[in-house]
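Engineer: fold the following.
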Amino acid sequence: MEKLSTSVSQTRKIGKKLAANLSGGEIILLSGPLGAGKTILAKGIAQGLKIDKDDVNSPTFVLLKVHKGKLFLQHFDLYRLRDPQDIFALGYEEYFYPAGYTGRQGYGDAVTIIEWPERLKFLLPKEFLRVKLILKSKNKRLLKFSAKGKTYRKILENLKKDKK
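Structural biologist: As a prediction, this is how the structure comes out:
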């Protein structure tokens, strides 16, 4: 599925619509070059989860920020991660539990956003929703959505139904 965004506010709006289809436990991978709008989309998802968009910024220097809204939002930015082994120090596996996991309060039912997921290589979770952001011009971004797993295919089906 693809969506064209012609502004920052439209990219945030797409994120808010995506958030409306999340119930916790989902993993959203955001790929694209610097300046493509990954963090803007993350801000929209946050808004949809009742988190102030201004609280969400690129956590480049800390790798992870956790926000509380109607659901927890775990926002990873792996831009500075050079070796996937370095992620072990974070205890990353505790953040990637599937939907419905309740063993760790707040994290199993959190929405997890991962910017620069290609840095994880072999550590990527088995199921996820990927959004690849492609720069088309100064103000245009093409968002390409792909799903891996039944939960994520359902989310895409719901997004396709929303023609607004």
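
Engineer: residue contacts, E115?
Structural biologist: L30, K38, T39, A42, S58, H75, F76, D77, L78, Y79 (C-beta atoms under 8 Å, 6 or more residues apart in numbering). Where you see a C-beta, it was placed from the backbone N, CA and C, and this is true even at glycine.

Engineer: and the spatially most central residue of the chain, what is it in contact with?
Structural biologist: The centroid of the chain falls nearest to I113 when counting by C-alpha atoms, centre = their mean (3.0 Å). By C-beta under 8 Å, 6+ apart, the residues touching I113 are I28, L30, A42, I45, L73, Q74, H75, F76.

Engineer: list phi and psi for it.
Structural biologist: Per-residue torsions, I113: phi -110, psi 130 (degrees, to the nearest 10).

Engineer: hmm, back to that, of the contacts of I113, which belong to helices?
Structural biologist: Residues of the contacts of I113 located in helices (DSSP state H): A42, I45.

Engineer: any idea how far I40 is from the residue nearest to the centre of the chain?
Structural biologist: Distance from I113 to I40, counting by C-beta to C-beta, to the nearest Å: 12 Å.

Engineer: please apply the same query to L156.
Structural biologist: In terms of C-beta to C-beta, L156 sits 20 Å off from I40.

Engineer: so these two - more neighbours on which side?
Structural biologist: For L156 versus I40, neighbours defined as other C-beta atoms under 10 Å are more numerous around I40 (23 against 16).

Engineer: shouldn't that one be within a strand?
Structural biologist: No - applying DSSP: H, G, I helix; E, B strand; the rest coil, one finds I40 to be helix, outside a strand.

Engineer: excluding chain neighbours, what is closest to it?
Structural biologist: Distances taken as C-beta to C-beta, 6 or more residues apart in numbering place T11 nearest to I40, at 4.7 Å, with adjacent residues excluded.

Engineer: what's the answer for S7, then?
Structural biologist: Nearest residue to S7, sequence neighbours excluded (C-beta to C-beta, 6+ apart): N139, at 6.1 Å.

Engineer: got it, and A42?
Structural biologist: Counting by C-beta to C-beta, 6+ apart, the residue nearest A42 is I113, at 5.1 Å.

Engineer: surely L29 meets F128?
Structural biologist: Yes - if you go by C-beta atoms under 8 Å, L29 and F128 touch, sitting 5.2 Å apart.

Engineer: quick one: common contacting residues for the two?
Structural biologist: Shared contacts of L29 and F128, counting by C-beta under 8 Å, 6+ apart, come down to P117.
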